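J.: Okay, structure incoming, though there's no sequence with it:
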């Protein structure tokens, strides 16, 4: 099974507001950078879209390490929260609705295809790939900002 490293970040101005995401896939000595955004979204949605969009690019089942500065994504996946939310009909432990269920469902299905490990890194702390992804996410969110 091929191993792919994926680095991701999401960004949102005013949260909610214009948002963007960036991801870098690394396989051997090859890199592929992808990014996108939405005119009205949240930071957490952009963090999820970065991971989902990168995983959706893989053409076969892979062993994947996703490195992200999103505690929301990393904790929900490594601590089993997302699986629990799904089992409870997208309700959290306190019975309040889990946010972004359609994105979590996509991510959970992708994690059934690939062997995915999630690794959290501190954001804005000099991690080269995280800094690059942050820049891409910022650039994408900037595309939706209008000057008054």
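T.: Received the coordinates, thanks. Everything numeric in this text was worked out from a predicted model, so none of it was measured. Numbers count the residues shown, from 1 in each chain.

J.: ranges for the strands of the chain?
T.: Along the chain, counting by DSSP state E, strands occupy 3-12, 17-27, 30-41, 63-68, 115-120.

J.: Could I get the contacting residues of residue 56?
T.: residue 110 (Cβ atoms under 8 Å, 6 or more residues apart in numbering). C-beta coordinates here come from the backbone N, C-alpha and C atoms, glycine included.

J.: From residue 14, how far out is it?
T.: 28 Å (Cβ to Cβ, to the nearest Å).

J.: Reformat the strands of the chain as CSV; add distance to residue 50.
T.: Output for the strands of the chain, formatted as CSV (distance: least, Cβ to Cβ, whole Å):
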stretch, distance to residue 50
strand 3-12, 4
strand 17-27, 4
strand 30-41, 8
strand 63-68, 7
strand 115-120, 12
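
J.: Compare those and give me the one nearest residue 99.
T.: Proximity to residue 99 (Cβ to Cβ) singles out strand 30-41 among the strands of the chain, at 11.9 Å.

J.: I'd like the mean pLDDT over the closest one, please.
T.: Mean pLDDT, computed over strand 30-41, is 98.

J.: Generate a markdown table for the strands of the chain, with distance to residue 82 and mean neighbour count as supplementary columns.
T.: Converted to a markdown table, the strands of the chain look like this (distance: least, Cβ to Cβ, whole Å; neighbours: other Cβ atoms under 10 Å):
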| stretch | distance to residue 82 | mean neighbour count |
| --- | --- | --- |
| strand 3-12 | 16 | 25 |
| strand 17-27 | 18 | 23 |
| strand 30-41 | 19 | 16 |
| strand 63-68 | 13 | 21 |
| strand 115-120 | 11 | 15 |
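
J.: Among these, which comes closest to residue 74?
T.: strand 115-120 (4.1 Å).

J.: Who are the packing partners of the closest one?
T.: strand 63-68, helix 71-78 (3 or more Cβ pairs under 8 Å, 6 or more residues apart in numbering; DSSP states H and E).

J.: For the shortest one, which strands pair with it and how are they oriented?
T.: If you go by DSSP bridges, strand 63-68 pairs up with strand 3-12 (parallel), strand 115-120 (parallel).

J.: circling back to that earlier point, now render the helices and strands packed on strand 115-120 as TSV, adding mean pLDDT.
T.: Listed next are those as TSV, based on pLDDT from 0 to 100:
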stretch	mean pLDDT
strand 63-68	98
helix 71-78	98
